[in-house]
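**Student:** sequence unavailable; structure follows:
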């Protein structure tokens, strides 16, 4: 095989002649002739030229008709034809997903977008296996988190007192019913009842549990024994700190167990019902579930705000009581003093029930207050 002109009488091998006579040859001989043609082309190529890669040789053989493209279904052919649109559709879905506020929708859309990316990588002339494999890893992570979210959102049946506590303090902080049940299960929850006059805790007791008042009224006394406030179900009903973000290690938790209470709590209602949680177990559960720490911090902030509001209200009540003591100390209440007291009570929104309770404690009745004179027992 030579590119130079042959001598007279010499046999000449022409590719065109071989192709035209291939119809008369056997199939095996046709393949042998074509193989020799390819080798002849490589032999006649310049010395510095590189041998075509495998993909280029396959493309050249397909163009020559030696290799036919693999047969595929109409759907696969359509995907191959429009494979370049897969990457655009996937990126559009990603843009929509990152603007979702719901985590479940975001992860579901991410799975769809990643699926389009995998299809785009595998439909290339040379399939990109490594990016497609990483896409499967991302889909597995999203699927695991979707299962966790669905588990947290599934319907949970709770008893009446659990539902009451959840609605009062946990629901507004973003904690799901499933997470609430997990907190009760892992924090050694106990439902306790106290009768009137019984002490929930006293000054000097170790702080091992945190209690939430769900029914009744609990009176808090300061270190000197003075009344600080009355605690009722609602905001600010935790008798101590629900969550301390500074407790991050086992050593810090052990030190916290050594703390003692500087206040006392007494039941002043006929019956006081509280929920108690182990402080150590509660913080260990939060450390093992970082997603719960945000909700726990919200519970603590909401409780602190309720305590501040309650303290401000009790301070107003205490000030009003002191004003009544001064005004009624001599047993006579003049009209000007009564008008000033009424104006102060209305301005600071002191309930009428609280006003009557303070008067009863001072030995006055509502009628005495209106008459402006304290009557004796015989007159009453």
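**Tutor:** Received the coordinates, thanks. Note that the structure is predicted; figures quoted are calculated from it, not measured.

**Student:** can we go C-alpha only for contacts and neighbour counts from here?
**Tutor:** OK.

**Student:** check which residues of stretch 362-380 are buried.
**Tutor:** 364-365, 368-369, 372-375 (16 or more other C-alpha atoms under 10 Å).

**Student:** mind putting these in TSV, pLDDT and secondary structure included?
**Tutor:** Output for the buried residues of stretch 362-380, formatted as TSV (pLDDT from 0 to 100; DSSP: H, G, I helix; E, B strand; the rest coil):
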residue	pLDDT	secondary structure
364	89	coil
365	87	coil
368	87	helix
369	88	helix
372	85	coil
373	85	strand
374	83	coil
375	77	coil
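
**Student:** format these as TSV; extra columns: distance to residue 220.
**Tutor:** Formatted as TSV, the buried residues of stretch 362-380 follow (distance: C-alpha to C-alpha, whole Å):
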residue	distance to residue 220
364	26
365	27
368	31
369	29
372	33
373	34
374	32
375	34
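
**Student:** select the longest helix from the chain.
**Tutor:** As assigned by DSSP state H, the longest helix anywhere in the chain is helix 291-327.

**Student:** that older thread, residue 75: which of the buried residues of stretch 362-380 is nearest?
**Tutor:** Ranked by distance to residue 75 (C-alpha to C-alpha), those are led by residue 365 at 91.1 Å.

**Student:** give me phi/psi at the closest one?
**Tutor:** Main-chain dihedrals, residue 365, degrees, to the nearest 10: phi -110, psi 170.

**Student:** sketch out the low-pLDDT regions of this structure for me.
**Tutor:** Within the chain, the ranges that satisfy pLDDT under 70 run 1-72, 313, 376-380.

**Student:** what about residue 126, how many residues nearby?
**Tutor:** Residue 126 sits with 9 neighbouring residues when counted by other C-alpha atoms under 10 Å.

**Student:** tell me which element the closest residue in space to residue 239 that isn't next to it in sequence is part of?
**Tutor:** Spatial nearest neighbour of residue 239, chain neighbours left out: residue 211 (5.5 Å); criterion: C-alpha to C-alpha, 6 or more residues apart in numbering. Applying DSSP states H and E as the criterion places residue 211 in strand 209-215.

**Student:** same for that strand, what does it pack against?
**Tutor:** Packing contacts for strand 209-215, counted by 3 or more C-alpha pairs under 8 Å, 6 or more residues apart in numbering; DSSP states H and E, involve helix 160-165, strand 271-278.

**Student:** most neighbours per residue, which of those?
**Tutor:** strand 271-278 (a mean of 21; mean count of other C-alpha atoms under 10 Å).

**Student:** related to what we said a few turns ago, what's in contact with the helix or strand following the strand holding residue 211?
**Tutor:** Counting by DSSP H and E, the next helix or strand C-terminal to strand 209-215 is strand 218-221. Defining contact as C-alpha atoms under 8 Å, 6 or more residues apart in numbering, one finds that strand 218-221 is touched by 227-232, 263-269, 272.

**Student:** do a quick rundown of the strands in the stretch 151-300 of the chain.
**Tutor:** Under the criterion DSSP state E, counting those that start in this stretch, the stretch 151-300 of the chain contains strands at 190-195, 199-201, 209-215, 218-221, 227-231, 264-267, 271-278.

**Student:** residue 310 is nearest to which of those strands?
**Tutor:** strand 227-231 (7.1 Å).

**Student:** partners of that closest one, with directions?
**Tutor:** The pairing partners recorded for strand 227-231 under DSSP bridges are strand 218-221 (antiparallel).

**Student:** what comes up buried for the partner strand?
**Tutor:** Those would be 218-221, for strand 218-221 by 16+ other C-alpha under 10 Å.

**Student:** for the residues you listed, work out which two are farthest apart.
**Tutor:** Going by C-alpha to C-alpha, the pair spanning the buried residues of strand 218-221 furthest: 218 and 221, at 9.8 Å.
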